[in-house]
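In: Quick one, structure for this:
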Amino acid sequence: MSRQIAIRICMTALILAGCQTLRRGSGRDRDPNAGRRTATQTTAPHAPESLATTRPAAEDKAPEPARSASQPPRLGVLAPFSGAIANHARSYLDGVQLALESVASGDSTRDLAIVPADDKGEPAGALLAVRRLDEVEHVTCLVGGFQTSATWVAAVEANCRQLPFVVNVVQDGELARVGPYVFHESALPTLAARAAADLVTFELRLFRAAMLFPEAGEGRLLASEFSSRVAGLGGKVVASESFPPGTTDFSPIVRRLLGAEPDVLFLPIEPETMLLVAPALTVQGTEAQVIGTPAWNSNRFLSQAAGDLEGALVPEVETAGADRAALAQFERAYRARHSSAPSRYASAGYLAGRRVVDALAAHPGADRQALQSELARRAATRGAKPESCRFLVVRQGALQPFAPQ
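Out: Prediction:
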């Protein structure tokens, strides 16, 4: 058993034990909607309190006030607002806020209040954040979840508390098995990584893959997704290299990768770093099929790197109709506000926010149980219309549709 799995099992067991204590300690229905604030405010992320004082004994807790139908619902945003990826968390929050602003004037869901909570990217931080969002902030629903271990803890705790939790950043399909109150959606880059593996094995008949990816972050997750899929389809990863932040000379790494004679090179690398990798590919020379990520579909990036990436494949995920229209609307609003394209974290925040807003619009004033039912119904409907992925190829500095020969 791996250390990560063992830690997950231990943390889950501890949370479930606490969950049973929580349920036995109170015979009344807990109010998920009390203490609402006005919708136009977004409260600051809370620093976790000590574990000993976050959850008082059930008999010492003051009864929570009854919910008023006139009080707006509250949405918790769980993310690492401090630490190495705090900028991604802020982008996600920005996307959630734009989702609320996209609601038509007069719609009751415009009153939805956003409550950010910093999980610090750690299991203990996630546990404390969920407890505070439930017991102090009385949120109706959660969105977010960035780091795998922290999100697992948050998911188990939220499910125990019957608090709907929409997870669409961290990539672990098993999260959906935690319970009925946890909704996990694969992020678009992950779908693209799996589609890339399918393309090279099924259609291109290339079975020797090499990968280059960052030591931490999304790129590593995408590399893992790609390699697992390739292996499952009969292929083999013949070389795999990661690089730390700040790496500028990629020639030695590329030389080692190409020395394994791969016939496909998967590069889940952000465009800024890829500008340093691409020249090394040209210098070393390779006939391997290069495959990137959807982030490469950028006119600015291609104008600078296309000469080194002639023939490279770029996946493009085509979302279902409703999501496609919503994301197009979001991108226009984001560009108007920031004069730049939204990151994938901002887009994920927007989609998560819309999931909750649309569900609440269908049942104004819904409690957690009703919201969970509506989210489940909508998730089942989306599952019947899955996203698809096509590939584009770099030709003379531009992207063109790719048709396997």
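In: from here on, contacts and neighbour counts on C-alpha atoms
Out: Fine.
In: Going by the annotation, which residue ranges form each domain of this protein?
Out: Following automatic domain parsing, one finds the domains of the chain at 40-50+72-184+324-383, 189-318+387-401.
In: Helix, strand, or coil at residue 76?
Out: With DSSP: H, G, I helix; E, B strand; the rest coil as the basis, residue 76 sits in strand.
In: Now do the contacts for it.
Out: Contacts for residue 76 (CA atoms under 8 Å, 6 or more residues apart in numbering) come out as 114, 115, 116, 117, 133, 139, 140, 141, 142, 143.
In: just how off-centre is the helix or strand harbouring the fourth one within its chain?
Out: Read it as residue 117. Using DSSP states H and E, the element containing residue 117 is strand 113-118. Taking CA atoms, centre = their mean, to the nearest Å, one finds strand 113-118 lying 17 Å from the centre of the chain it belongs to.
In: Restrict that strand to CA atoms and write it as PDB.
Out: Extracted in PDB, the C-alpha atoms of strand 113-118 (Å, rounded to 0.1, in the frame of the first residue of the first chain):
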ATOM      1  CA  ALA A 113     -23.000  35.600  -1.000                       C
ATOM      2  CA  ILE A 114     -19.500  34.300  -1.600                       C
ATOM      3  CA  VAL A 115     -17.400  33.100   1.400                       C
ATOM      4  CA  PRO A 116     -13.800  32.300   0.500                       C
ATOM      5  CA  ALA A 117     -12.000  29.900   2.800                       C
ATOM      6  CA  ASP A 118      -8.200  29.200   2.800                       C
END
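In: Can you list the helices and strands that the helix or strand following it packs against?
Out: Downstream of strand 113-118, the first helix or strand assigned by DSSP H and E is helix 123-135. Packed against helix 123-135, as judged by 3 or more CA pairs under 8 Å, 6 or more residues apart in numbering; DSSP states H and E, are the following elements: helix 51-54, strand 74-79, strand 113-118, helix 148-160.
In: TSV please, covering the ones you listed and showing distance to residue 102 and mean pLDDT.
Out: TSV is the format used below for these (distance: least, CA to CA, whole Å; pLDDT from 0 to 100):
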stretch	distance to residue 102	mean pLDDT
helix 51-54	35	32
strand 74-79	16	96
strand 113-118	14	96
helix 148-160	27	94
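In: Including distance to residue 315, could these go into JSON lines?
Out: Formatted as JSON lines, these follow (distance: least, CA to CA, whole Å):
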{"stretch": "helix 51-54", "distance to residue 315": "44"}
{"stretch": "strand 74-79", "distance to residue 315": "27"}
{"stretch": "strand 113-118", "distance to residue 315": "33"}
{"stretch": "helix 148-160", "distance to residue 315": "25"}
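In: Pick the most deeply packed of these.
Out: Highest mean neighbour count of the helices and strands packed on helix 123-135: strand 74-79, a mean of 28 (counted as mean count of other CA atoms under 10 Å).
In: And residue 299, how far from residue 337?
Out: Counting by CA to CA, to the nearest Å, the gap from residue 299 to residue 337 is 20 Å.
In: right, I mislabeled it, should have said residue 127
Out: For residue 127, the distance to residue 337 - CA to CA - is 34 Å.
In: Also residue 184?
Out: Taken as CA to CA, the span from residue 184 to residue 337 is 29 Å.
In: ok, back up a step: report all helices and strands that the strand holding residue 117 contacts.
Out: Strand 113-118 packs on strand 74-79, helix 123-135, going by 3+ CA pairs under 8 Å, 6+ apart.
In: The last one versus helix 148-160: what angle between them?
Out: What that stands for is helix 123-135. Inter-element angle recorded for helix 123-135 and helix 148-160: 30 degrees (by axes from the mean of the first three to the mean of the last three CA atoms, to 10 degrees).
In: The next helix or strand after helix 123-135 pairs with which strands?
Out: The first helix or strand that comes after helix 123-135 along the chain, using DSSP H and E, is strand 141-144. Strand pairing for strand 141-144, determined by DSSP bridges: strand 74-79 (parallel), strand 165-167 (parallel).
In: how about the shortest one: buried residues?
Out: Just to be clear, that refers to strand 165-167. 165, 166, 167 (16 or more other CA atoms under 10 Å).
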